[in-house]
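Student: Here's my sequence, what's the structure:
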Amino acid sequence: MERTAGKPKKEKLYRYYDYSLLFLILFLVCFGLVMIYSTSSYNAQRLYGDATYYLSRQALLGGAGILIMLFVSKIDYRIYIKKLPIIKLKPVTILYLLCVFLQIYVIAFGEEIKGAKRWIEIGSLGSFQPSELSKIAVIMFTAYIVNLAPRRLDKIWGFLRVAVFIAPLLGLVIVENLSTGLIIGLIFVGICFVASKKKAYFIISGLAMGALVAVMIFFVDFRSERFDAWLNVETHEKGYQILQGLYAIASGGIFGKGLGESMQKLGFIPESHNDMIFSVICEELGLFGAIALILLFILLLWRIFVIAINAPDLYGGLIATGVLIHIASQVLINIAVVTSTIPSTGIPLPFISYGGSSLMVILFEMGIVLSVSNQIKAYKA
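Tutor: Numbers count the residues shown, from 1 in each chain. Model (predicted):
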(Lines give C-alpha, C1' and ligand atoms only; values in the text may rest on other atoms or scores of the structure.)
Protein backbone atom coordinates (compact mmCIF):
# COMPACT_ATOMS: atom_id res chain seq x y z
CA MET A 1 0.00 0.00 0.00
CA GLU A 2 1.37 3.42 -0.94
CA ARG A 3 2.15 5.89 1.85
CA THR A 4 1.91 9.67 1.88
CA ALA A 5 3.69 11.65 4.63
CA GLY A 6 4.16 8.44 6.59
CA LYS A 7 0.45 7.54 6.62
CA PRO A 8 -1.25 4.89 4.49
CA LYS A 9 -3.91 5.96 2.00
CA LYS A 10 -7.41 4.81 2.80
CA GLU A 11 -8.94 2.38 0.32
CA LYS A 12 -12.63 2.70 -0.45
CA LEU A 13 -14.84 -0.20 -1.46
CA TYR A 14 -16.87 0.46 -4.60
CA ARG A 15 -18.95 -1.44 -7.13
CA TYR A 16 -17.23 -2.26 -10.38
CA TYR A 17 -18.88 -1.76 -13.78
CA ASP A 18 -17.24 -3.08 -16.93
CA TYR A 19 -17.27 -0.04 -19.23
CA SER A 20 -14.82 -1.80 -21.57
CA LEU A 21 -17.44 -4.48 -22.24
CA LEU A 22 -20.14 -1.82 -22.68
CA PHE A 23 -18.01 0.03 -25.25
CA LEU A 24 -17.33 -3.18 -27.21
CA ILE A 25 -21.06 -4.00 -27.28
CA LEU A 26 -22.03 -0.53 -28.52
CA PHE A 27 -19.28 -0.58 -31.15
CA LEU A 28 -20.35 -4.00 -32.47
CA VAL A 29 -24.01 -2.93 -32.64
CA CYS A 30 -23.08 0.24 -34.57
CA PHE A 31 -20.76 -1.72 -36.89
CA GLY A 32 -23.58 -4.20 -37.47
CA LEU A 33 -25.94 -1.38 -38.49
CA VAL A 34 -23.37 -0.04 -40.96
CA MET A 35 -22.91 -3.47 -42.52
CA ILE A 36 -26.66 -4.17 -42.63
CA TYR A 37 -27.18 -0.97 -44.60
CA SER A 38 -24.29 -1.80 -46.89
CA THR A 39 -25.50 -5.35 -47.56
CA SER A 40 -29.25 -4.72 -47.71
CA SER A 41 -29.71 -1.31 -49.39
CA TYR A 42 -29.86 -2.75 -52.93
CA ASN A 43 -32.47 -5.41 -52.12
CA ALA A 44 -34.40 -3.04 -49.84
CA GLN A 45 -34.68 -0.46 -52.64
CA ARG A 46 -35.65 -3.14 -55.15
CA LEU A 47 -38.26 -4.82 -52.95
CA TYR A 48 -39.64 -2.01 -50.81
CA GLY A 49 -38.59 1.20 -52.57
CA ASP A 50 -36.65 2.25 -49.46
CA ALA A 51 -32.90 1.61 -49.22
CA THR A 52 -33.03 2.02 -45.42
CA TYR A 53 -35.89 -0.47 -44.86
CA TYR A 54 -33.81 -3.13 -43.08
CA LEU A 55 -31.52 -0.57 -41.44
CA SER A 56 -34.37 1.38 -39.83
CA ARG A 57 -36.02 -1.76 -38.42
CA GLN A 58 -32.75 -3.07 -37.02
CA ALA A 59 -31.81 0.35 -35.61
CA LEU A 60 -35.18 0.66 -33.86
CA LEU A 61 -34.91 -2.75 -32.22
CA GLY A 62 -31.19 -2.25 -31.51
CA GLY A 63 -31.91 1.05 -29.77
CA ALA A 64 -34.66 -0.57 -27.69
CA GLY A 65 -32.31 -3.46 -26.90
CA ILE A 66 -29.57 -1.09 -25.70
CA LEU A 67 -32.01 0.70 -23.37
CA ILE A 68 -33.15 -2.69 -22.01
CA MET A 69 -29.51 -3.74 -21.58
CA LEU A 70 -28.66 -0.60 -19.59
CA PHE A 71 -31.76 -1.01 -17.42
CA VAL A 72 -31.10 -4.70 -16.75
CA SER A 73 -27.42 -4.00 -15.98
CA LYS A 74 -28.47 -1.96 -12.94
CA ILE A 75 -30.66 -4.73 -11.49
CA ASP A 76 -29.04 -7.16 -9.07
CA TYR A 77 -28.98 -10.44 -11.03
CA ARG A 78 -29.69 -12.40 -7.83
CA ILE A 79 -33.27 -11.12 -7.87
CA TYR A 80 -34.02 -13.69 -10.58
CA ILE A 81 -33.66 -16.57 -8.08
CA LYS A 82 -35.76 -14.99 -5.32
CA LYS A 83 -39.41 -15.92 -4.92
CA LEU A 84 -41.95 -13.33 -5.95
CA PRO A 85 -44.23 -12.41 -3.00
CA ILE A 86 -47.65 -13.25 -4.45
CA ILE A 87 -47.22 -16.17 -6.86
CA LYS A 88 -44.36 -17.76 -4.87
CA LEU A 89 -42.39 -18.52 -8.01
CA LYS A 90 -38.90 -17.36 -8.98
CA PRO A 91 -38.47 -15.20 -12.10
CA VAL A 92 -36.00 -17.72 -13.55
CA THR A 93 -38.64 -20.48 -13.24
CA ILE A 94 -41.31 -18.26 -14.82
CA LEU A 95 -38.99 -17.49 -17.75
CA TYR A 96 -38.27 -21.19 -18.28
CA LEU A 97 -41.98 -22.15 -18.20
CA LEU A 98 -42.81 -19.25 -20.54
CA CYS A 99 -40.25 -20.49 -23.06
CA VAL A 100 -41.65 -24.02 -22.89
CA PHE A 101 -45.12 -22.61 -23.60
CA LEU A 102 -43.84 -20.46 -26.49
CA GLN A 103 -42.01 -23.42 -28.06
CA ILE A 104 -45.18 -25.53 -27.90
CA TYR A 105 -47.18 -22.65 -29.36
CA VAL A 106 -44.76 -22.08 -32.25
CA ILE A 107 -44.83 -25.79 -33.16
CA ALA A 108 -48.63 -25.80 -33.18
CA PHE A 109 -49.50 -22.33 -34.52
CA GLY A 110 -46.23 -20.69 -35.59
CA GLU A 111 -45.66 -18.98 -38.92
CA GLU A 112 -44.06 -21.32 -41.44
CA ILE A 113 -41.18 -19.74 -43.38
CA LYS A 114 -39.10 -21.79 -45.82
CA GLY A 115 -40.62 -25.04 -44.56
CA ALA A 116 -39.96 -24.47 -40.85
CA LYS A 117 -42.14 -23.21 -38.01
CA ARG A 118 -39.80 -21.06 -35.94
CA TRP A 119 -41.54 -17.68 -35.75
CA ILE A 120 -44.55 -16.15 -34.01
CA GLU A 121 -46.20 -13.29 -35.89
CA ILE A 122 -46.75 -10.19 -33.71
CA GLY A 123 -48.54 -7.88 -36.11
CA SER A 124 -46.81 -4.78 -37.46
CA LEU A 125 -43.80 -5.42 -35.22
CA GLY A 126 -42.84 -8.38 -37.39
CA SER A 127 -42.08 -11.88 -36.15
CA PHE A 128 -40.45 -13.23 -33.02
CA GLN A 129 -38.33 -16.38 -32.73
CA PRO A 130 -38.95 -18.03 -29.33
CA SER A 131 -35.84 -20.20 -29.61
CA GLU A 132 -33.74 -17.04 -29.14
CA LEU A 133 -35.40 -16.33 -25.79
CA SER A 134 -34.94 -20.01 -24.89
CA LYS A 135 -31.17 -19.45 -24.92
CA ILE A 136 -31.47 -16.98 -22.03
CA ALA A 137 -33.84 -19.33 -20.20
CA VAL A 138 -31.40 -22.24 -20.46
CA ILE A 139 -28.45 -20.09 -19.33
CA MET A 140 -30.23 -18.77 -16.25
CA PHE A 141 -32.14 -21.94 -15.34
CA THR A 142 -29.11 -24.23 -15.72
CA ALA A 143 -27.01 -21.82 -13.62
CA TYR A 144 -29.76 -21.77 -10.99
CA ILE A 145 -30.08 -25.58 -10.76
CA VAL A 146 -26.31 -26.09 -10.65
CA ASN A 147 -25.97 -23.36 -8.02
CA LEU A 148 -28.36 -25.27 -5.72
CA ALA A 149 -26.04 -28.29 -5.42
CA PRO A 150 -22.83 -27.83 -7.43
CA ARG A 151 -21.01 -30.79 -5.83
CA ARG A 152 -23.58 -33.23 -7.23
CA LEU A 153 -22.05 -32.56 -10.65
CA ASP A 154 -18.93 -34.44 -9.54
CA LYS A 155 -20.88 -37.58 -10.50
CA ILE A 156 -22.68 -38.31 -13.73
CA TRP A 157 -25.99 -38.72 -11.86
CA GLY A 158 -25.81 -35.08 -10.82
CA PHE A 159 -25.33 -34.10 -14.46
CA LEU A 160 -28.29 -36.25 -15.51
CA ARG A 161 -30.39 -34.60 -12.79
CA VAL A 162 -29.76 -31.19 -14.40
CA ALA A 163 -30.38 -32.69 -17.85
CA VAL A 164 -33.85 -33.87 -16.79
CA PHE A 165 -34.88 -30.28 -16.09
CA ILE A 166 -33.40 -28.87 -19.33
CA ALA A 167 -34.51 -31.72 -21.63
CA PRO A 168 -38.16 -30.59 -22.18
CA LEU A 169 -37.19 -27.15 -23.52
CA LEU A 170 -34.18 -28.48 -25.44
CA GLY A 171 -36.31 -31.18 -27.07
CA LEU A 172 -38.96 -28.67 -28.14
CA VAL A 173 -36.32 -26.44 -29.75
CA ILE A 174 -34.68 -29.34 -31.59
CA VAL A 175 -37.99 -30.37 -33.19
CA GLU A 176 -37.89 -27.41 -35.58
CA ASN A 177 -34.41 -25.93 -35.15
CA LEU A 178 -31.51 -28.35 -34.75
CA SER A 179 -28.79 -25.70 -35.05
CA THR A 180 -30.22 -23.59 -32.22
CA GLY A 181 -30.82 -26.77 -30.23
CA LEU A 182 -27.13 -27.61 -30.67
CA ILE A 183 -26.11 -24.21 -29.27
CA ILE A 184 -28.49 -24.61 -26.32
CA GLY A 185 -27.03 -28.07 -25.69
CA LEU A 186 -23.51 -26.63 -25.74
CA ILE A 187 -24.55 -23.93 -23.26
CA PHE A 188 -26.08 -26.47 -20.88
CA VAL A 189 -23.13 -28.90 -21.06
CA GLY A 190 -20.59 -26.06 -20.86
CA ILE A 191 -22.07 -24.61 -17.65
CA CYS A 192 -22.12 -28.06 -16.05
CA PHE A 193 -18.53 -28.73 -17.21
CA VAL A 194 -17.24 -25.52 -15.61
CA ALA A 195 -19.05 -26.20 -12.31
CA SER A 196 -17.93 -29.84 -12.01
CA LYS A 197 -14.61 -30.94 -10.52
CA LYS A 198 -14.82 -34.30 -12.32
CA LYS A 199 -14.53 -34.01 -16.11
CA ALA A 200 -14.16 -37.58 -17.37
CA TYR A 201 -17.85 -38.38 -17.77
CA PHE A 202 -18.27 -35.40 -20.08
CA ILE A 203 -16.46 -37.43 -22.74
CA ILE A 204 -19.38 -39.89 -22.65
CA SER A 205 -21.85 -36.99 -22.76
CA GLY A 206 -20.04 -35.47 -25.74
CA LEU A 207 -20.03 -38.75 -27.67
CA ALA A 208 -23.74 -39.27 -26.95
CA MET A 209 -24.53 -35.73 -28.07
CA GLY A 210 -22.47 -36.18 -31.25
CA ALA A 211 -24.25 -39.46 -32.05
CA LEU A 212 -27.67 -37.84 -31.55
CA VAL A 213 -26.76 -34.92 -33.84
CA ALA A 214 -25.45 -37.35 -36.49
CA VAL A 215 -28.72 -39.32 -36.40
CA MET A 216 -30.78 -36.13 -36.75
CA ILE A 217 -28.65 -35.03 -39.72
CA PHE A 218 -28.37 -38.23 -41.74
CA PHE A 219 -31.90 -39.52 -41.15
CA VAL A 220 -33.69 -36.27 -42.01
CA ASP A 221 -33.78 -35.55 -45.74
CA PHE A 222 -33.26 -31.78 -45.85
CA ARG A 223 -30.38 -31.95 -43.34
CA SER A 224 -28.60 -34.78 -45.14
CA GLU A 225 -29.05 -32.80 -48.37
CA ARG A 226 -27.15 -29.91 -46.76
CA PHE A 227 -24.33 -32.32 -45.92
CA ASP A 228 -24.23 -33.48 -49.55
CA ALA A 229 -24.18 -29.85 -50.70
CA TRP A 230 -21.23 -29.16 -48.38
CA LEU A 231 -19.27 -32.06 -49.88
CA ASN A 232 -20.11 -30.96 -53.43
CA VAL A 233 -20.47 -27.20 -53.06
CA GLU A 234 -19.44 -26.46 -56.69
CA THR A 235 -21.89 -28.85 -58.33
CA HIS A 236 -24.81 -29.27 -55.91
CA GLU A 237 -27.80 -26.96 -56.50
CA LYS A 238 -28.10 -26.29 -52.74
CA GLY A 239 -24.47 -25.16 -52.58
CA TYR A 240 -25.14 -21.96 -54.57
CA GLN A 241 -25.26 -19.55 -51.62
CA ILE A 242 -22.10 -20.91 -49.97
CA LEU A 243 -20.28 -20.86 -53.31
CA GLN A 244 -21.23 -17.22 -53.89
CA GLY A 245 -20.08 -16.42 -50.35
CA LEU A 246 -16.70 -18.02 -51.07
CA TYR A 247 -16.42 -15.92 -54.23
CA ALA A 248 -17.06 -12.83 -52.11
CA ILE A 249 -14.40 -13.80 -49.58
CA ALA A 250 -11.84 -14.56 -52.29
CA SER A 251 -12.47 -11.33 -54.21
CA GLY A 252 -11.99 -9.16 -51.12
CA GLY A 253 -8.25 -9.69 -50.95
CA ILE A 254 -6.32 -8.17 -48.05
CA PHE A 255 -7.96 -4.73 -47.76
CA GLY A 256 -11.22 -5.33 -49.61
CA LYS A 257 -13.04 -3.47 -52.37
CA GLY A 258 -14.24 -0.72 -50.05
CA LEU A 259 -17.36 -0.23 -47.93
CA GLY A 260 -20.48 -0.51 -50.09
CA GLU A 261 -18.58 -1.83 -53.11
CA SER A 262 -19.54 -5.51 -52.89
CA MET A 263 -20.78 -7.14 -56.10
CA GLN A 264 -21.97 -10.39 -54.55
CA LYS A 265 -24.64 -8.61 -52.48
CA LEU A 266 -26.38 -7.49 -55.70
CA GLY A 267 -28.56 -10.58 -55.85
CA PHE A 268 -25.85 -13.23 -56.01
CA ILE A 269 -25.95 -13.97 -52.26
CA PRO A 270 -29.64 -14.30 -51.27
CA GLU A 271 -30.42 -12.17 -48.20
CA SER A 272 -26.79 -11.23 -47.72
CA HIS A 273 -27.69 -9.13 -44.64
CA ASN A 274 -28.61 -12.27 -42.67
CA ASP A 275 -26.43 -15.30 -41.91
CA MET A 276 -24.03 -14.66 -44.84
CA ILE A 277 -23.11 -11.11 -43.84
CA PHE A 278 -19.55 -12.14 -42.88
CA SER A 279 -18.79 -12.99 -46.52
CA VAL A 280 -19.71 -9.44 -47.59
CA ILE A 281 -17.60 -8.03 -44.76
CA CYS A 282 -14.67 -9.99 -46.20
CA GLU A 283 -15.39 -8.70 -49.71
CA GLU A 284 -15.75 -5.04 -48.74
CA LEU A 285 -13.21 -4.80 -45.90
CA GLY A 286 -10.92 -7.65 -46.89
CA LEU A 287 -8.89 -9.99 -44.71
CA PHE A 288 -7.88 -6.99 -42.59
CA GLY A 289 -11.51 -6.15 -41.75
CA ALA A 290 -12.41 -9.80 -41.08
CA ILE A 291 -9.49 -10.26 -38.67
CA ALA A 292 -10.29 -6.94 -36.95
CA LEU A 293 -13.89 -8.11 -36.38
CA ILE A 294 -12.73 -11.48 -35.02
CA LEU A 295 -10.33 -9.67 -32.65
CA LEU A 296 -13.23 -7.54 -31.40
CA PHE A 297 -15.19 -10.71 -30.63
CA ILE A 298 -12.16 -12.14 -28.83
CA LEU A 299 -11.90 -8.97 -26.72
CA LEU A 300 -15.62 -9.20 -25.95
CA LEU A 301 -15.28 -12.82 -24.85
CA TRP A 302 -12.21 -11.94 -22.77
CA ARG A 303 -14.14 -9.25 -20.86
CA ILE A 304 -16.98 -11.72 -20.21
CA PHE A 305 -14.41 -14.29 -19.01
CA VAL A 306 -12.90 -11.73 -16.61
CA ILE A 307 -16.37 -11.03 -15.19
CA ALA A 308 -17.07 -14.77 -14.87
CA ILE A 309 -13.93 -15.51 -12.82
CA ASN A 310 -14.40 -12.43 -10.61
CA ALA A 311 -18.15 -12.84 -10.05
CA PRO A 312 -19.20 -12.48 -6.39
CA ASP A 313 -20.86 -15.92 -6.34
CA LEU A 314 -21.19 -19.15 -8.31
CA TYR A 315 -24.54 -18.19 -9.82
CA GLY A 316 -23.15 -14.98 -11.34
CA GLY A 317 -20.07 -16.78 -12.62
CA LEU A 318 -22.16 -19.48 -14.29
CA ILE A 319 -24.45 -16.93 -15.96
CA ALA A 320 -21.43 -15.15 -17.44
CA THR A 321 -20.02 -18.53 -18.51
CA GLY A 322 -23.26 -19.44 -20.28
CA VAL A 323 -23.33 -16.13 -22.16
CA LEU A 324 -19.68 -16.58 -23.14
CA ILE A 325 -20.41 -20.05 -24.54
CA HIS A 326 -23.45 -18.72 -26.40
CA ILE A 327 -21.57 -15.87 -28.12
CA ALA A 328 -18.45 -17.95 -28.83
CA SER A 329 -20.38 -20.88 -30.33
CA GLN A 330 -22.48 -18.64 -32.60
CA VAL A 331 -19.44 -16.73 -33.87
CA LEU A 332 -17.51 -19.94 -34.55
CA ILE A 333 -20.43 -21.72 -36.24
CA ASN A 334 -21.42 -18.73 -38.39
CA ILE A 335 -17.87 -18.11 -39.65
CA ALA A 336 -17.35 -21.85 -40.17
CA VAL A 337 -20.51 -22.06 -42.29
CA VAL A 338 -19.65 -18.97 -44.36
CA THR A 339 -16.15 -20.31 -45.07
CA SER A 340 -17.59 -23.79 -45.87
CA THR A 341 -15.68 -25.38 -43.00
CA ILE A 342 -18.88 -27.11 -41.83
CA PRO A 343 -22.23 -27.81 -43.55
CA SER A 344 -24.67 -24.93 -43.91
CA THR A 345 -26.94 -24.08 -40.97
CA GLY A 346 -28.92 -21.00 -40.04
CA ILE A 347 -26.94 -19.33 -37.25
CA PRO A 348 -26.67 -15.50 -37.26
CA LEU A 349 -23.46 -13.62 -36.49
CA PRO A 350 -24.03 -11.98 -33.05
CA PHE A 351 -24.60 -8.20 -33.10
CA ILE A 352 -23.98 -8.07 -36.87
CA SER A 353 -26.59 -10.16 -38.75
CA TYR A 354 -30.06 -8.74 -39.40
CA GLY A 355 -32.65 -10.02 -36.94
CA GLY A 356 -34.42 -8.08 -34.22
CA SER A 357 -35.23 -10.94 -31.84
CA SER A 358 -31.66 -12.25 -31.99
CA LEU A 359 -30.15 -8.80 -31.34
CA MET A 360 -32.50 -7.96 -28.47
CA VAL A 361 -31.89 -11.30 -26.77
CA ILE A 362 -28.12 -10.89 -26.99
CA LEU A 363 -28.34 -7.33 -25.62
CA PHE A 364 -30.53 -8.61 -22.77
CA GLU A 365 -27.87 -11.22 -22.03
CA MET A 366 -25.19 -8.53 -22.08
CA GLY A 367 -27.27 -6.55 -19.60
CA ILE A 368 -27.24 -9.50 -17.20
CA VAL A 369 -23.47 -9.91 -17.60
CA LEU A 370 -22.99 -6.19 -16.90
CA SER A 371 -25.24 -6.67 -13.86
CA VAL A 372 -22.88 -9.39 -12.62
CA SER A 373 -19.95 -7.02 -13.15
CA ASN A 374 -21.77 -4.30 -11.21
CA GLN A 375 -21.93 -6.57 -8.14
CA ILE A 376 -18.17 -7.15 -8.11
CA LYS A 377 -16.59 -5.31 -5.19
CA ALA A 378 -13.27 -3.55 -5.80
CA TYR A 379 -10.99 -1.32 -3.79
CA LYS A 380 -9.96 2.15 -4.86
CA ALA A 381 -7.31 4.23 -3.12
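
Student: Determine the set of other helices and strands touching the helix ranked longest in the chain.
Tutor: For the chain, the helix that runs over the most residues, judged by DSSP state H, is helix 277-310. Contacts defined by 3 or more Cβ pairs under 8 Å, 6 or more residues apart in numbering; DSSP states H and E place helix 277-310 against helix 19-48, helix 240-252, helix 314-338, helix 356-374. No exception for glycine: its C-beta is placed from N, CA and C like everyone else's.

Student: so which of these comes closest to Ser127?
Tutor: With Cβ to Cβ as the measure, helix 356-374 is the member of the helices and strands packed on helix 277-310 nearest Ser127 (7.7 Å).

Student: which of the helices and strands packed on helix 277-310 has the lowest average pLDDT?
Tutor: For these, the bottom mean pLDDT is recorded on helix 240-252, which sits at a mean of 86.

Student: What count of nearby residues applies to Ile75?
Tutor: By the measure other Cβ atoms under 10 Å, the count of residues near Ile75 is 13.

Student: can you check Ile94 too?
Tutor: The tally of other residues near Ile94 (other Cβ under 10 Å) stands at 14.

Student: Contacts only, for it.
Tutor: By Cβ atoms under 8 Å, 6 or more residues apart in numbering, the contact set of Ile94 is Leu84, Ile87.

Student: Just confirm Gly258 is within a helix.
Tutor: No. Counting by DSSP: H, G, I helix; E, B strand; the rest coil, Gly258 is not part of a helix but coil.

Student: Can you tell me the closest non-neighbouring residue to it?
Tutor: Glu284 (6.3 Å; Cβ to Cβ, 6 or more residues apart in numbering).

Student: any idea of the pLDDT on that neighbour?
Tutor: Predicted confidence (pLDDT) for Glu284: 91.

Student: Ile376 now?
Tutor: With respect to pLDDT, Ile376 scores 84.

Student: low-confidence ranges in the stretch 1-150 of the chain?
Tutor: 1-14, 112-117, 123-126 (pLDDT under 70).

Student: go with 50
Tutor: Residues of the stretch 1-150 of the chain meeting the criterion pLDDT under 50: 1-5.

Student: in it, which spans are strands?
Tutor: For the stretch 1-150 of the chain, the strands defined by DSSP state E, counting those that start in this stretch cover 3-4, 7-8, 12-15, 111-113, 116-121, 127-128.

Student: if we can go back for a sec, buried residues of the longest helix of the chain, list them for me.
Tutor: Within helix 277-310, the residues scored as buried using 16 or more other Cβ atoms under 10 Å are 277-286, 289-290, 293, 297, 300-301, 303-304, 306-308, 310.

Student: hang on, isn't the residue nearest to Gly258 packed against Gly256?
Tutor: Yes. Assessed by Cβ atoms under 8 Å, Glu284 is found in contact with Gly256 at 5.0 Å.

Student: who touches both of those two?
Tutor: Joint contacts of Glu284 and Gly256 (Cβ under 8 Å, 6+ apart) do not exist.

Student: which ones are touching Asn232?
Tutor: Asn232 neighbours (Cβ under 8 Å, 6+ apart): Gly239.

Student: re earlier: need the helices and strands packed on helix 277-310 in a markdown table (columns: distance to Val189 and mean neighbour count).
Tutor: Formatted as a markdown table, these follow (distance: least, Cβ to Cβ, whole Å; neighbours: other Cβ atoms under 10 Å):
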| stretch | distance to Val189 | mean neighbour count |
| --- | --- | --- |
| helix 19-48 | 25 | 18 |
| helix 240-252 | 28 | 20 |
| helix 314-338 | 9 | 23 |
| helix 356-374 | 18 | 24 |
